[in-house]
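**Q** Sequence and predicted structure, then a few things I'm wondering about:
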Amino acid sequence: MRPRLLVSLLVWIGLAFPAVWLGAAAQSLLGEDKKMIAAVRQFYGQAGAQRTQAWRLLVHQAQTENLVERELLSRVNIFFNRLRFIDDIALWGKQDYWATPLEFLGVGGGDCEDFSVAKYVTLRELGIADEKLRLVYVKALTLNQFHMVVAYYPYPQAVPLILDNLEGSLRLASERHDLAPIYSFNGQHLWLMQEKGKGQLAGQSSRLSLWNDVRGRIDIERLQKPKMNLDH
């Protein structure tokens, strides 16, 4: 295991290790990342700051390695699936609230939309094209409840891989008989789903008010670093 990856994992689970070791890893972070971590520490405490630092180390490491997209998907899925599932009512006092990645990491948990938004934003930051990604609203048949996952299309007509907080490994949509797709969206478009395919184009994703809201708050959080354009 690479040292920086090991450090990020140790930070995540809160094990004790020499401060000089962690400091050496943290030196690889950009000043903007350090400001982000400091802001999370102020609002959510040290544990939230450590989770945020682990996220930024993950992104930095992935950006410096020549990784295939499948490996990026796997790392991001594993990283965020360590967080706890917490219902919006219990966490935010609202029936439906989509948290930003910093809010999600700060409190250490969230619901399926929060897992999916954090994965999508991170994969976009790592350079995966928007047209390859969808946030998919589904019916989780086993649980008999609505749910959200991320779908990755390596090419336009491919059966997508699914990133899901209910499932530890990446699996093809055709293997997920427990999920019934309803609609999907990304930074630009909204689709009504048809079976396991990409679905019928139904307009712009800006029609989704909760998606617009969380994207706006992500932009506000990142005013001090170059904005990641989720539209293109």
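**A** Perfect, I can see it now.
**Q** Go ahead and report the secondary structure state at Met148.
**A** At Met148 the chain is in strand, as set by DSSP: H, G, I helix; E, B strand; the rest coil.
**Q** Would you agree Ile182 falls within a helix?
**A** No - Ile182 sits outside any helix when classified using three-state DSSP, being strand.
**Q** so who does it touch?
**A** Ile182 makes contact with Tyr137, Val138, Lys139, Phe146, Leu192, Met193, according to Cβ atoms under 8 Å, 6 or more residues apart in numbering. The C-beta positions use only the backbone N, C-alpha and C, and glycine is treated the same way.
**Q** got JSON lines for the residues you listed, with pLDDT too?
**A** JSON lines is the format used below for the contacts of Ile182 (pLDDT from 0 to 100):
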{"residue": "Tyr137", "pLDDT": "93"}
{"residue": "Val138", "pLDDT": "94"}
{"residue": "Lys139", "pLDDT": "94"}
{"residue": "Phe146", "pLDDT": "94"}
{"residue": "Leu192", "pLDDT": "75"}
{"residue": "Met193", "pLDDT": "68"}
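**Q** Max pairwise distance over those: which two?
**A** Largest separation among the contacts of Ile182 by Cβ to Cβ: Phe146 and Leu192, giving 15.2 Å.
**Q** do you know how far Glu69 is from Arg75?
**A** Counting by Cβ to Cβ, to the nearest Å, the gap between Glu69 and Arg75 amounts to 11 Å.
**Q** Next: Gly110.
**A** Distance, Gly110 to Arg75, using Cβ to Cβ: 19 Å.
**Q** Look up the pLDDT of Gln200 for me, please.
**A** If you check Gln200, the pLDDT there is 59.
**Q** again, but for the one 4 residues further on
**A** What the model reports for Gln204 is a pLDDT of 56.
**Q** contacting residues for Met101?
**A** Wrong residue type there; residue 101 is Pro, not Met. By Cβ under 8 Å, 6+ apart, the contact set of Pro101 is Trp55, Val117, Ala118, Val121, Thr122, Ile218.
**Q** now, which of the residues you listed lie within strands?
**A** Members of the contacts of Pro101 lying in strands (criterion: DSSP state E): none.
**Q** related to what we said a few turns ago, could you dump the contacts of Ile182 into JSON lines with neighbour count and secondary structure added?
**A** Shown next, in JSON lines, are the contacts of Ile182 (neighbours: other Cβ atoms under 10 Å; DSSP: H, G, I helix; E, B strand; the rest coil):
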{"residue": "Tyr137", "neighbour count": "19", "secondary structure": "strand"}
{"residue": "Val138", "neighbour count": "24", "secondary structure": "strand"}
{"residue": "Lys139", "neighbour count": "14", "secondary structure": "strand"}
{"residue": "Phe146", "neighbour count": "13", "secondary structure": "strand"}
{"residue": "Leu192", "neighbour count": "13", "secondary structure": "strand"}
{"residue": "Met193", "neighbour count": "21", "secondary structure": "coil"}
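**Q** for those, which one is nearest Ala180?
**A** Checking those against Ala180 by Cβ to Cβ gives Lys139 as the nearest, at 4.2 Å.
**Q** How many residues are close by the nearest residue to that closest one once chain neighbours are set aside?
**A** Among residues not flanking Lys139 along the chain, Ala180 sits closest, at 4.2 Å (Cβ to Cβ, 6 or more residues apart in numbering). For Ala180, the neighbour count with other Cβ atoms under 10 Å is 15.
**Q** hang on, the earlier thing: who's more crowded, Gly110 and Arg75?
**A** Between Gly110 and Arg75, Gly110 has the larger neighbour count (other Cβ under 10 Å), namely 28 against 20.
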